[in-house]
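# Just need the structure, nothing else, for what follows:
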Amino acid sequence: MAETTTQPVSIATAAWLRCADTQAVLALLNADGGAARIVGGAVRNELIGRPVVDIDIATTLEPAEVMARAEGASFRVIPTGLAHGTVTVVVGHHGFEVTTLREDLETFGRHATVAFTADWEADARRRDFTINALYADAAGTVHDPVGGYPDLVAGRVRFIGDPAARIGEDYLRILRLFRFHAQYGRTGPEAADLAACVRLRAGLATLSRERVHGELMRLLVARGGVATLDLMRGLGLLTLIVPAAPRPAVLSALVALEAALGRTPDRALRLAALAVHDAADAERLAARLALSNAEAKALQSAAIVLAGRPTAAPDEASVRAMVYRLGTTGSERAVLLSAALAAVAADAPDPGTWPGFATWRNALAIAAHHQPLRFPLTGHDVKALGVAAGPEIGRLLGVIEARWIAGDFREDRGALLQSLEREIAQRPGGS
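Sure, this is the predicted structure:
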């Protein structure tokens, strides 16, 4: 297969490519008959002016030779995936994932029998999407065996070769197609690719929770995430990932609010907007997607907000009470999610110009700057007034705390102690 790039393309001026550490590892791998090129995301992102985070290298050298050369140069070597021909070479403060060119002999979903090769085109053909099969040599010349560069320029994400074969090699590629489309696509996905995703959708059930979680969270914050998730919903794929009836409209409103306020996208909050209706949904999603404790807590907090179905912005006292119960981050999330629900209820297509936006923005500012207070009383105070240890202590503290919150935290410790004494005295049998 001849390379399809019609004119030379170069990334020779890329700072990360010219970096001494990058050139050192490439020189090491290119010496004495070896060959090495940067591959995948670093090349793709550099070509369209997006940040480059990880630098992956493909080489004709087999893993043992890569390790021997790196150790001989006093570089640190980590055998991160020897079964797949991958080692990580650390030069200075940079880690480079180096993988031997390979071709798949047999595939079994995530598992494959591979053979190492020196054929760059064979290595390219086994990758998922054309835009991920772009290579650059040490001088910065881009090599394009499968037509990835024209696709990248056009904003087209498509499988290499037969889409069903690519999906059969790893069913996560169904989700990756939509995630990459959300990040890089400007034209719709290929009809044949979508048809293969729908036809092979049962394979999604074989994926680990962690892998699904990783792709979904990236998709939620991708540039075209909302429209792409709506596309997945229309194809019947989204409910295989988030079983509760998804709500792209609420997610869309939240994304617009984040943009209008200049806020960093919040993955957990976006997931809640999309797929949480109540506490049961939050619990199921946390288990289904192997969410972190922080993510699960965010969903549970969101469920409390969603249960109230808010349509009007909270007043200052309500926001202060929210900060006390949920903390600063939790209350900001609660206000944002409430605002998104209210925007949908008001049929506001652009929350940034929605008449109610100013009141919600004010509520958010209060939540962000109000310092959470600490309840002045403890169980020791209740015991000091003659109440025996037991559940009654917690009940009494809860009663006084609720009154303190309802009174907008105005009572000081002395006033709260007096209130506690009266509450104890009013119990059957007094103190």
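
# center of the protein, which residue is that?
With distances taken as C-alpha atoms, centre = their mean, the residue of the chain nearest its centroid is M217 (2.9 Å).

# Could you tell me how far the closest residue to that residue other than its chain neighbours is located from R18?
Spatially, and ignoring its direct neighbours in sequence, M217 is nearest to R267 (4.8 Å; C-beta to C-beta, 6 or more residues apart in numbering). Using the backbone N, CA and C atoms, a C-beta is placed for each residue, glycine as well. Between R267 and R18 the computed distance is 34 Å (C-beta to C-beta, to the nearest Å).

# between those two, which one's more packed in?
Between R267 and R18, counted using other C-beta atoms under 10 Å, R267 has the larger neighbour count: 16 against 13.

# Heading C-terminal from whichever strand or helix holds A302, find the next helix or strand.
Assigned by DSSP states H and E, A302 falls within helix 293-308. Downstream of helix 293-308, the next assigned helix or strand under DSSP H and E is helix 316-345.

# tell me the angle of that following helix relative to helix 293-308?
80 degrees (axes from the mean of the first three to the mean of the last three C-alpha atoms, to 10 degrees).

# Could you identify the helix or strand that succeeds helix 316-345?
Counting by DSSP H and E, what follows helix 316-345 is helix 357-369.

# other SSEs contacting that following helix?
Secondary-structure packing of helix 357-369 (3 or more C-beta pairs under 8 Å, 6 or more residues apart in numbering; DSSP states H and E): helix 248-261, helix 316-345.

# Same list, those helices, but as TSV with distance to G308 and mean pLDDT please.
TSV is the format used below for these (distance: least, C-beta to C-beta, whole Å; pLDDT from 0 to 100):
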stretch	distance to G308	mean pLDDT
helix 248-261	14	91
helix 316-345	8	90
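
# I'd like those helices laid out as JSON lines, including mean neighbour count and distance to G203.
Output for the helices and strands packed on helix 357-369, formatted as JSON lines (neighbours: other C-beta atoms under 10 Å; distance: least, C-beta to C-beta, whole Å):
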{"stretch": "helix 248-261", "mean neighbour count": "21", "distance to G203": "24"}
{"stretch": "helix 316-345", "mean neighbour count": "21", "distance to G203": "33"}
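
# can you list these in JSON lines and add distance to D128?
Formatted as JSON lines, these follow (distance: least, C-beta to C-beta, whole Å):
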{"stretch": "helix 248-261", "distance to D128": "26"}
{"stretch": "helix 316-345", "distance to D128": "33"}
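
# Let me see the backbone angles for V146.
Dihedral angles phi and psi of V146 (degrees, to the nearest 10) take the values phi -120, psi 20.

# and if you look at G390?
Dihedral angles (degrees, to the nearest 10) for G390: phi 150, psi -170.
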